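Q: Build the 3D model from these lines:
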Amino acid sequence: MNKSVFKISQMDCPSEENLLRLKLADQESIKNLEFDLNERKLTIYHEAGISEIQSLIGSLNLGDTLESSEESSITSFNSQVQQKKMLWAVLLINFSFFLIEITTGIISKSMGLVADSLDMLADAFVYAISLFAVGGSIFLKKKIARIAGYFQIILATIGLTEIIRRFVGTELMPDFSTMIIVSILALIANAFSLYLLQKAKSDEAHMQASMIFTSNDIVINIGVIIAGVLVNWLQSGYPDLVVGMIVFIIVIRGALRILKLGK
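A: From the prediction side, this is the model:
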């Protein structure tokens, strides 16, 4: 058994972790994966060489560096049943808040909430692909990844088009109170999701580190809250549009990563 440690500079939240899990799911030589999001490191226990694994990780363009590769005496690993339960829980939380945010975003005319809802949907897609890929065929995994990626890009492109229309057309004032309240609830949901992630892996050392403050989702939630405050303070819808544009770009970037899994 060999133990190889990678430094993944852009791995700062569970989404990147699940993308890596999916990318490496078909490698029979891999016996276990250990993620340290705080240190942004991935430890792989595997048989045979590391070159093919390194190539697969590199294809995701997450800024990977192989730090070490050596023999290991470890031969057994913990069950993944608890992890699957955790994935179902965070999937349901993310999808539920996608529905809540996109509904309230449309009603309140807030592009920030609509964009944040798509970010929630993107995470739900990643968790869903992880679950449906377990025990399934490589073809099924790739097909689901392609559908999820293209769907995200289409929705985000429509959102960006609407933002541009609002910038050049008549300015719409979103309901700032709805933006703030719903975003606070989404932030709590994301924090709870990360708590579940920590609890599910509490026996692993890297889960002792807090993932809450490194989560892109929580940063986005805070951004929408700030935009809501600025909308009220400046009596302008532009802060909402700026935040919405940034989040839509993040969603497209995540969708492109998901599409790589379909290749």
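Q: where in the chain is pLDDT low?
A: Low-confidence regions of the chain, defined by pLDDT under 70, span residues 13-15, 75-84, 126-127, 129-142, 171, 197-216, 261-263.
Q: where along it do the helices fall?
A: Along the chain, counting by DSSP state H, helices occupy 14-24, 51-58, 81-108, 111-133, 138-168, 176-200, 216-234, 238-261.
Q: Export those helices as a markdown table, with columns for distance to E67 and mean neighbour count.
A: To be clear about C-beta, it is placed using only N, CA and C from the backbone, and glycine gets the same treatment. Below are the helices of the chain laid out as a markdown table (distance: least, C-beta to C-beta, whole Å; neighbours: other C-beta atoms under 10 Å):
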| stretch | distance to E67 | mean neighbour count |
| --- | --- | --- |
| helix 14-24 | 15 | 22 |
| helix 51-58 | 12 | 15 |
| helix 81-108 | 25 | 18 |
| helix 111-133 | 25 | 25 |
| helix 138-168 | 28 | 16 |
| helix 176-200 | 24 | 20 |
| helix 216-234 | 24 | 20 |
| helix 238-261 | 22 | 21 |
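Q: Compare those helices and report which one is nearest to S72.
A: With respect to S72, and counting by C-beta to C-beta, the nearest of those is helix 51-58 at 14.7 Å.
Q: Which secondary structure elements does that closest one sit against?
A: Under the contact criterion of 3 or more C-beta pairs under 8 Å, 6 or more residues apart in numbering; DSSP states H and E, helix 51-58 touches strand 2-8, helix 14-24, strand 41-46, strand 64-71.
Q: For L172, which of the ones you listed is the nearest?
A: When the helices and strands packed on helix 51-58 are compared by C-beta to C-beta, helix 14-24 sits nearest L172, at 30.7 Å.
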